[in-house]
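Student: turn this into a structure:
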Amino acid sequence: MLSRVAENIYWLSRYVERTENTARIVTVNANLLMDLPKGIAPGWRPLIDITGANALFEEHYKDYGERQVLKFLIGDERNSGSILSALEAARENCRTIRDFVPREAWELLNELHIFGREQLAKGLTKGGRHAYLKHIVQSIQTITGMLSGTMMHDQGYDFLHLGRFLERADMTSRIIDVRSASLLPAEATELRPFETIQWVSVLKSLTGYQAYRRSEQVRVQRGPVLRFLLQHAAFPRSVGYCLDTVRVSLEKLPRNEASLRVHGRLKRNLEGVVPGRLSHQQLHAFLDELQVGVGDLHGEIAKTWFPPPLESQSQSQTQG
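Tutor: Numbers count the residues shown, from 1 in each chain. I've put the predicted structure just below:
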């Protein structure tokens with residue numbers, strides 16, 4: 001497989017996953033704000049914190065109000081992580097490798113891209129936002145299912161898996177980091193009655209609430225939720241599951257030694273911690289290290305299998 005094709009498949013998968021993740025966190029945050037009283041509700045800034053795009057946001061917007069944050073995350077093409085930008089990038093990567101992707105998946109992605117643009121104004125309104133984001137999430141799920149069910153499970157599919165699950169691991173760690181730090185400071189006793197609501201929102205951001213209740217069979221609380229989202233081996237959005245899936249794909253590829261070494265360090269660090277025993281500061285430091293490790297693994301994958309930066313047709317694509 002040409003390195004350019006491998007890179008395009010990888011980034012197609014990352015951008016598709018990023019589109020769904022962004023739509024999910026916007027929806028869940030809107031629901032959380034309705035569940036919590038004023039003065040305790042976190043507002044909209046945490047969503048920008050999750051993406052790590054605060055500097056870019058502050059270049060173009062004066063405050064972290066609902067309208068501004070939604071415009072930035074949904075329709076601002078200056079933000080490479082916005083839904084519209086991610087759909088555009090996914091479509092462009094898919095267009096260049098149409099021989100490797102089932103035609104039906106390309107058509108669905110193209111239709112979703114058109115929908116995202118044509119319905120953007122409605123999607124930015126309070127009345128139309130829910131339906132807009134729901135359609136995007138459901139369409140991405142359909143595309144993902146179609147790729148899994150109809151694409152050749154060869155090396156191209158391995159790069160598809162690498163992109164999807166690295167992006168997912170990164171987003172899961174970001175959601176945990178920002179939500180646990182900004183919503184639940186240990187010294188704020190007035191927040192304790194709302195702790196369950198807040199951790200339920202974290203689970204729902206990852207569509208993990210029902211899976212958590214079935215698996216853990218305890219009430220929603222900090223320690224078990226952290227263990228479930230970071231280390232559970234069977235929940236598809238836990239960091240541990242994502243890393244296990246990445247390893248399976250790496251093992252099938254040639255010249256994988258360096259990437260497997262980076263992966264091994266990352267997985268050992270994840271397995272060697274008891275998340276519920278970490279203070280807020282320790283958890284933040286651990287998650288920062290985890291995100292750096294995910295970035296290092298991406299860098300090793302790119303160095304091993306993708307074209308050098310000057311030759312790459314996707315050199316402007318970065319993890320946003």
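Student: drop to CA atoms for contacts and neighbour counts, all remaining ones
Tutor: Will do.
Student: which of the residues in the helix of greatest length in the chain are buried?
Tutor: For the chain, the helix with the greatest residue count under DSSP state H is helix 3-35. For helix 3-35, the neighbour count (16 or more other C-alpha atoms under 10 Å) marks 4-30, 32 as buried.
Student: which residue is the nearest non-sequential neighbour of residue 36?
Tutor: Spatial nearest neighbour of residue 36, chain neighbours left out: residue 194 (7.5 Å); criterion: C-alpha to C-alpha, 6 or more residues apart in numbering.
Student: one step back: please name every helix or strand in contact with the longest helix of the chain.
Tutor: On a contact count with 3 or more C-alpha pairs under 8 Å, 6 or more residues apart in numbering; DSSP states H and E, helix 3-35 meets helix 45-51, helix 83-96, helix 126-150, helix 155-183, helix 195-205, helix 280-305.
Student: quick check: buried residues in the last one?
Tutor: If I follow you right, that is helix 280-305. 280, 283-284, 286-287, 290-291, 293-298, 300-302, 304-305.
Student: with only the CA atoms kept, save the helix or strand bottoming out on mean pLDDT in the chain in CSV.
Tutor: The helix or strand of the chain with the lowest confidence, counting by mean pLDDT, DSSP states H and E, is helix 195-205 at a mean of 84. Coordinates of each C-alpha in helix 195-205 appear next as CSV, following Å, rounded to 0.1, in the frame of the first residue of the first chain:
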residue,chain,number,x,y,z
GLU,A,195,-21.7,14.8,41.9
THR,A,196,-23.8,12.0,40.4
ILE,A,197,-25.3,14.2,37.8
GLN,A,198,-21.9,15.5,36.8
TRP,A,199,-20.4,12.0,36.4
VAL,A,200,-23.4,10.8,34.6
SER,A,201,-22.8,13.6,32.1
VAL,A,202,-19.2,12.3,31.6
LEU,A,203,-20.5,8.8,30.9
LYS,A,204,-23.2,10.1,28.5
SER,A,205,-20.6,12.2,26.6
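Student: buried sites along it?
Tutor: Across helix 195-205, burial judged by 16+ other C-alpha under 10 Å covers 195, 198-205.
Student: give me the next element, helix or strand, following that helix.
Tutor: Next helix or strand after helix 195-205 toward the C-terminus (DSSP states H and E): helix 209-216.
Student: find the residue ranges of the stretch 151-300 of the chain scoring beneath the pLDDT cut-off.
Tutor: Applying pLDDT under 70 to the stretch 151-300 of the chain flags the ranges 181-193.
Student: any idea how far the residue nearest the centre of the chain is from residue 177?
Tutor: The residue lying closest to the centre of the chain (C-alpha atoms, centre = their mean) is residue 171, at 3.4 Å. Residue 171 is 10 Å from residue 177, where distance means C-alpha to C-alpha, to the nearest Å.
Student: one more: residue 201?
Tutor: According to C-alpha to C-alpha, residue 201 and residue 177 sit 13 Å apart.
Student: just the pLDDT at the closest residue to residue 84 other than its chain neighbours, thanks.
Tutor: Once flanking residues are discounted, residue 84 sits nearest to residue 75: 5.2 Å by C-alpha to C-alpha, 6+ apart. If you check residue 75, the pLDDT there is 95.
Student: cool, residue 49 as well?
Tutor: With respect to pLDDT, residue 49 has a value of 91.
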